[in-house]
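*Asks:* Build me a model:
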Amino acid sequence: MMSQSQQSQKWNGRRITVFTFIGIALLIAGIYLGLGIAGESSFLPGLSPQLKVTATPVSDSSTHPVLRGGLSFGQQDAQAQSTNLIEVAKLARPAVVNISTTGTAKTPETLRSPFFDDPFFRRFFGDEFERRFEPPPSPRQEAGGSGVIVSDDGYIITNNHVIENSDAIQVLLSDKRTFSAKVIGTDPKTDLALLKIEAKDLPVLPWGDSHQLQVGEIVMAVGNPFGLSQTVTMGIVSAVGRANVGIVDYEDFIQTDAAINPGNSGGALVNLQGELIGINTAIFSRSGGYMGIGFAIPSNMAKSIQASLIQHGKVVRGWLGVSIQDLTPDLQAQFDTPDTQGALVSEVLEDSPAKKAGIQRGDIIRKYDSQTVADTRHLRSLVAESVPNSPVTLHVLRDGDPREVQVTLSEMPKDVTALASTGELRGHHALSGITVESLPLGEKGVKVTKVDPESATFRAGIREGDIILEINRKAVDNADDFQRLTGKLGAKDRVLLLLQRGRSTIFFSISP
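*Replies:* Purely as a prediction, here's the structure:
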C-alpha cells in the first residue's frame, strides 16, 4: 500500500507534466500565429486582408514612422517632392521680372464755356478770367506689375493693362539690373503686350503646351510685385477654357487657385516641368484681394500673339466669316444633335472663306481640325489664333449628317467683325435678339443688321439700319466694344441705348 507522501509526489509529477505540455503547445501556437501574420496571413486562409498597413522609418534620425494605407510613404518621398518644387521655382524665378511704369493720369474732360469767346464778356472780365477755371495739370501716376522673359535677347511678355497709358517703362531683373523697355506691340483684345530690352543671355522660361493641361494638375504662379523680388505660390488647375468672364474679347482662360495678388499680373503660370503654360492676368475678388479664383492666358494663345507682334507689329487674326450662336437644349432638339456641343452657324457672310468653302446656315461646327469645339467663344478663339491663308478642316453636322469641309482662312477685316449672335442663346439680356457689325474704318458705332421680331429690342423700337453709339452711357466705337459691353449685362438689367437714326440721335430704354 502506497504511503501518503508517495501519492503526493506522484500527483505533483503529473501536474508538472500537464503544465509543461500546455506551455509547449502555447509556444508552438504562438510561433504558428506569428508566421501567419508575417506572411500576410497566408497560413490563415480565412483571413484575407484588404489593406496592408506598413510602418516605414522616415529617416535614421527619426523614431516616429509614418503610417500610410497601401504604401510606404516616408520623409524621403516628401523630401523628393519638395526638392522638385524647389528646382522648378529656382528655374522660373530668374525669368520673371518687375515692370514699373510712369504716365499721365487721365482727368475728366471739362467743357469750355462759350461765354469765354464773347468779346463783351472778355472786355468786361478780362483775358485772365478764363484761366481761373482751367483744370490743374494732370498728375503723374505710377503703376506696374510683372513680366516673363521669353527670349534670351530681351523679349518680355506681360499684360496690356500693366503698361497701358504709360510714358516710360522700366524693367527690373532678378539680378537687380534695370533696363528701359520698348513696346513692340499690344493686343487689348487678349490683354497681352510684348516688350523689348537691350540685353543678352537672359534666363528664359520655355513655352509649354497649354492644350495638354489637365484639371487638377499642380501649377506655380510666379510674380515680381512692387519690386520686392520674386514670389511663388502653388495651387492646381481648377478649370480650363473659361470664357464669359467679361475681362477681354478673346477669353479662353486657365482658372487656378494659386494665389495671384495685385502686382503679379503679367507673371508666369508654370507646370512642374518648369514650362510656361500661362500668363497670369486677373483675379476674381469682391474685396480686391485673393479669393481663390485666378485667371491666366493660355501659353498657346500668348505664344501666337508674341509671334504675330514680332513679325507684323500687330496681331493678325484668322477670319472665317460666319455669325454663330450656342446650342440650347431646345435648339439641340430642333437640329437633332446628340448634345449642345459646338457652334451653330446662323449667318454666312458674302465673299467670306466660309461662303467660298460651302458652309451653310444651320451647319453645326463640332470640330476645328483635331480640336473639339465647346461653344461659340471657343470657336472664335480657335479661328483668331490661326494664321491667315492657312487651311483648316471643319467637322460639321448638316441636317444630322456629319461631313468635313476644307476652309482656307483669310485675315480678319478691319471694318467687319463677325460676332457670336447676341440672341437669347447668349444669356437672356435686354439686347438679346440683335446682330450688329462695325462701320467702315474711321466711323464710330455699330450698325444693326438684324432684329429678332420676338425680342425686347424689337418691342422697344430698335430696327435694322440703326446705329448704336452708346450702351449705358459707354461709347460703342466698333463691334468689339458692343460685344464687351453686352457681355457684362445681367438678365434683369435695364439698358439705355443712344442711337443714330437718319439725322436724329435718340435715347432708347430697354427692359429685358
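
*Asks:* Name the helix or strand for Pro402, please.
*Replies:* strand 401-408 (DSSP states H and E).

*Asks:* Please name every helix or strand in contact with that strand.
*Replies:* Packed against strand 401-408 by the contact rule (3 or more Cβ pairs under 8 Å, 6 or more residues apart in numbering; DSSP states H and E) you find helix 353-357, strand 391-398. Every C-beta, even on glycine, is put in place using the N, C-alpha and C of the backbone.

*Asks:* Any chance of JSON lines for the ones you listed, columns distance to Met220 and mean pLDDT?
*Replies:* Output for the helices and strands packed on strand 401-408, formatted as JSON lines (distance: least, Cβ to Cβ, whole Å; pLDDT from 0 to 100):
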{"stretch": "helix 353-357", "distance to Met220": "40", "mean pLDDT": "95"}
{"stretch": "strand 391-398", "distance to Met220": "34", "mean pLDDT": "96"}
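
*Asks:* so which of those gets nearest Leu331?
*Replies:* Closest to Leu331 of the helices and strands packed on strand 401-408 is strand 391-398 (Cβ to Cβ; 12.1 Å).

*Asks:* By neighbour count, which bits of that closest one are buried? Give me those.
*Replies:* 392, 394-398 (16 or more other Cβ atoms under 10 Å).

*Asks:* I'd like those residues laid out as a markdown table, including distance to Ser346.
*Replies:* Formatted as a markdown table, the buried residues of strand 391-398 follow (distance: Cβ to Cβ, whole Å):
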| residue | distance to Ser346 |
| --- | --- |
| Val392 | 20 |
| Leu394 | 16 |
| His395 | 19 |
| Val396 | 14 |
| Leu397 | 15 |
| Arg398 | 14 |
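
*Asks:* hang on, the earlier thing: could you list the residues in contact with the strand holding Pro402?
*Replies:* Strand 401-408 is contacted by residues 320, 353-354, 356-359, 366, 389-397 when judged by Cβ atoms under 8 Å, 6 or more residues apart in numbering.

*Asks:* can the helices and strands packed on strand 401-408 go into CSV with extra columns for distance to Lys189?
*Replies:* What follows is the helices and strands packed on strand 401-408, written out as CSV (distance: least, Cβ to Cβ, whole Å):
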stretch, distance to Lys189
helix 353-357, 20
strand 391-398, 21
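
*Asks:* Tell me which of the ones you listed approaches Ile156 most closely.
*Replies:* Closest among the helices and strands packed on strand 401-408, using Cβ to Cβ: strand 391-398, at 31.3 Å.

*Asks:* tilt between the closest one and strand 401-408?
*Replies:* 150 degrees (axes from the mean of the first three to the mean of the last three Cα atoms, to 10 degrees).

*Asks:* same for strand 391-398, what does it pack against?
*Replies:* In terms of contacts (3+ Cβ pairs under 8 Å, 6+ apart), strand 391-398 is packed against strand 364-368, strand 401-408.

*Asks:* And Asp175, what's its pLDDT?
*Replies:* What the model reports for Asp175 is a pLDDT of 89.

*Asks:* Give the closest residue to it in space, chain neighbours not counted.
*Replies:* Spatial nearest neighbour of Asp175, excluding adjacent residues (Cβ to Cβ, 6 or more residues apart in numbering): Pro94 at 7.7 Å.

*Asks:* How about Pro298?
*Replies:* Using Cβ to Cβ, 6+ apart, the closest residue to Pro298 is Ser210 (3.7 Å).

*Asks:* ok so, going back, of the helices and strands packed on strand 401-408, give the one that comes closest to Gln170.
*Replies:* Of all these, it is strand 391-398 that lies closest to Gln170, at 41.7 Å by Cβ to Cβ.

*Asks:* quick one: strands adjacent to that closest one?
*Replies:* Strand 391-398 has the following strand partners under DSSP bridges: strand 364-368 (antiparallel), strand 401-408 (antiparallel).

*Asks:* Can you give the distance from the shortest one to the centre of its chain?
*Replies:* When you say that, I think you mean strand 364-368. Distance of strand 364-368 from its chain centroid, counting by Cα atoms, centre = their mean, to the nearest Å, is 22 Å.

*Asks:* For stretch 157-166, report the contacting residues that lie outside it.
*Replies:* With contact meaning Cβ under 8 Å, 6+ apart, stretch 157-166 is reached by 99, 101-104, 106, 143-148, 150, 169, 183, 186-188, 190-195, 265-266, 279, 281, 302, 306.

*Asks:* Now do that stretch, average pLDDT.
*Replies:* Rounded mean pLDDT across stretch 157-166 is 91.

*Asks:* Next, the contact list for the closest residue to Arg242 other than its chain neighbours, please.
*Replies:* In space, and not counting its chain neighbours, Arg242 is closest to Phe253: 4.0 Å by Cβ to Cβ, 6+ apart. Counting by Cβ under 8 Å, 6+ apart, Phe253 touches 241-243, 245, 247, 281, 295-298.

*Asks:* most centrally placed residue in the chain?
*Replies:* Closest residue to the average C-alpha location of the chain: Phe253 at 1.7 Å, with Cα atoms, centre = their mean.

*Asks:* Next, work out how far apart it and Val215 are.
*Replies:* 13 Å (Cβ to Cβ, to the nearest Å).

*Asks:* ranges for the helices of the stretch 401-512 of the chain?
*Replies:* Secondary structure of the stretch 401-512 of the chain (DSSP state H, counting those that start in this stretch): helices at 456-460, 479-486.

*Asks:* brain fart, the stretch 251-400 of the chain
*Replies:* Using DSSP H, counting those that start in this stretch, helices in the stretch 251-400 of the chain cover 299-312, 329-335, 353-357, 376-385.

*Asks:* so which of those helices is the most packed in?
*Replies:* helix 376-385 (a mean of 23; mean count of other Cβ atoms under 10 Å).

*Asks:* can you give me the angle that helix makes with strand 364-368?
*Replies:* Interaxial angle of helix 376-385 relative to strand 364-368 (the same axes, to 10 degrees): 50 degrees.

*Asks:* May I have helix 376-385 as CSV, with CA atoms only?
*Replies:* Presented in CSV, the C-alpha positions along helix 376-385 are these (Å, rounded to 0.1, in the frame of the first residue of the first chain):
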residue,chain,number,x,y,z
THR,A,376,-19.0,79.9,-79.8
ARG,A,377,-16.4,81.5,-77.6
HIS,A,378,-14.1,78.5,-78.1
LEU,A,379,-14.5,78.6,-81.9
ARG,A,380,-13.8,82.3,-82.1
SER,A,381,-10.6,81.8,-80.2
LEU,A,382,-9.5,78.9,-82.4
VAL,A,383,-10.1,80.9,-85.6
ALA,A,384,-8.5,84.0,-84.2
GLU,A,385,-5.3,82.1,-83.2
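
*Asks:* If you count contacts, what does that helix end up packed against?
*Replies:* Contact analysis of helix 376-385 by 3+ Cβ pairs under 8 Å, 6+ apart lists helix 299-312, strand 318-319, strand 322-325, strand 343-348, strand 364-368 as its packing neighbours.
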